[in-house]
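S.K.: Below is the structure, and that's it, no one-letter string:
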C-alpha cells in the first residue's frame with residue numbers, strides 16, 4: 001500500500017492552461033509582442049514562471065524577461081481560477097487516498113499554487129504544498145520530494161508520484177519513487193512514453209481503478 005501520494009499541479013491535478021495562456025498573452029501584449037496560441041504556450045509550462053516567460057518572449061534578454069515576469073505575475077495573481085478546474089476524477093482520487101498522506105510539489109511558485117488549490121476547495125487534502133520558489137531546487141531535482149519523504153517518515157517504496165510530464169517522471173526516478181503519468185495534461189504522450197514512467201494512465205478514472213485493483 002502506498003502511504004504517501006505526491007502530485008504535480010499544472011496539467012496533473014488542475015487544468016490551468018487557460019489562465020496561464022491568458023496571463024502570458026497579456027504580458028506579451030504589454031511588451032508589444034504578438035500573442036501565442038494556447039497550444040504553443042502549453043509546451044512551455046512545467047519549468048517555472050521565468051522559463052515560461054523567456055520562452056514566450058523568445059529572448060535571452062534578462063531585463064526583458066524580468067519585466068515580463070513582473071507583468072505575468074501581476075496579471076496572473078488576480079486571474080488564477082478564471083478558467084482553471086480540477087481534472088475529472090481528481091477529487092475521487094484525493095478522496096480514495098484521504099487516509100494517507102498527500103502532498104503537492106510543483107514548479108509553479110507559491111502563493112499561486114496554494115491559492116489555486118484553496119480556491120478549488122482541495123488545499124486541505126495536502127500535508128504540504130511545495131512551490132517552485134521554495135528552499136528546494138525545482139523539479140526534476142528530487143530534493144523537495146526526498147524532504148517530504150523524510151518529514152513524513154515514509155520510505156520511497158511506499159510513495160507514489162503522479163505527474164503529467166517527463167520532468168515529473170525524472171523527479172520520481174531520481175528519488176527512487178514509483179511514478180504514474182497521466183496523459184490528460186500538457187505533455188505529448190510520445191514524450192511521456194519516451195520518459196518511461198512505471199505506469200501511464202489516460203485520466204484519473206483509470207488511475208483510481210488501478211489503485212483499487214493493485215491496493216495502492
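M.R.: That came through fine. Only a predicted model underlies this, so the values are computations on that prediction, with no experimental measurement involved. Residues are numbered from 1 along each chain as shown.
S.K.: I figured residue 13 hits residue 91, correct?
M.R.: No - counting by Cβ atoms under 8 Å, residue 91 is not a contact partner of residue 13; they are 9.6 Å apart. For every residue, glycine as well, the C-beta is placed using N, CA and C.
S.K.: Quick check: neighbours shared by the two?
M.R.: residue 122 (Cβ atoms under 8 Å, 6 or more residues apart in numbering).
S.K.: who's more crowded, those two?
M.R.: residue 13 (29 against 16; other Cβ atoms under 10 Å).
S.K.: show me what contacts the more buried one?
M.R.: Residue 13 neighbours (Cβ under 8 Å, 6+ apart): 7, 86, 87, 90, 104, 117, 122.
S.K.: residues near the fourth one, how many?
M.R.: Here the neighbour count serves as a burial measure; for residue 90 (other Cβ under 10 Å) it reads 24.
S.K.: same question for the helix or strand containing residue 20, mean pLDDT?
M.R.: Element membership for residue 20, per DSSP states H and E: helix 17-30. Across helix 17-30, the average pLDDT comes to 98.
S.K.: Check what contacts the helix or strand just after that helix and list those residues.
M.R.: Scanning forward in sequence from helix 17-30 by DSSP H and E, the next helix or strand is helix 38-42. With contacts defined as Cβ under 8 Å, 6+ apart, helix 38-42 is touched by 17, 18, 20, 21, 24, 25, 52, 56, 186.
S.K.: want to throw the residues you listed into a markdown table with neighbour count?
M.R.: Output for these, formatted as a markdown table (neighbours: other Cβ atoms under 10 Å):
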| residue | neighbour count |
| --- | --- |
| 17 | 19 |
| 18 | 15 |
| 20 | 28 |
| 21 | 22 |
| 24 | 28 |
| 25 | 20 |
| 52 | 23 |
| 56 | 25 |
| 186 | 20 |
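S.K.: Taking those, tell me the two that lie furthest apart.
M.R.: 25 and 186 (16.6 Å; Cβ to Cβ).
S.K.: for the record, mean pLDDT for whichever strand or helix holds residue 148?
M.R.: Secondary structure assignment for residue 148, by DSSP H and E: helix 143-152. Helix 143-152 shows a mean pLDDT of 98 in the predicted model.
S.K.: Name the residues of it that are buried.
M.R.: Residues of helix 143-152 classed as buried under the neighbour-count rule (16 or more other Cβ atoms under 10 Å) are 143, 144, 145, 146, 147, 148, 149, 152.
S.K.: Show me which of the residues you listed is closest to residue 95.
M.R.: For those, the nearest to residue 95 is residue 152 (19.6 Å; Cβ to Cβ).
S.K.: pretty sure the closest one is touching residue 101, no?
M.R.: Yes - the pair residue 152 / residue 101 is scored as a contact, 5.1 Å apart, by Cβ under 8 Å.
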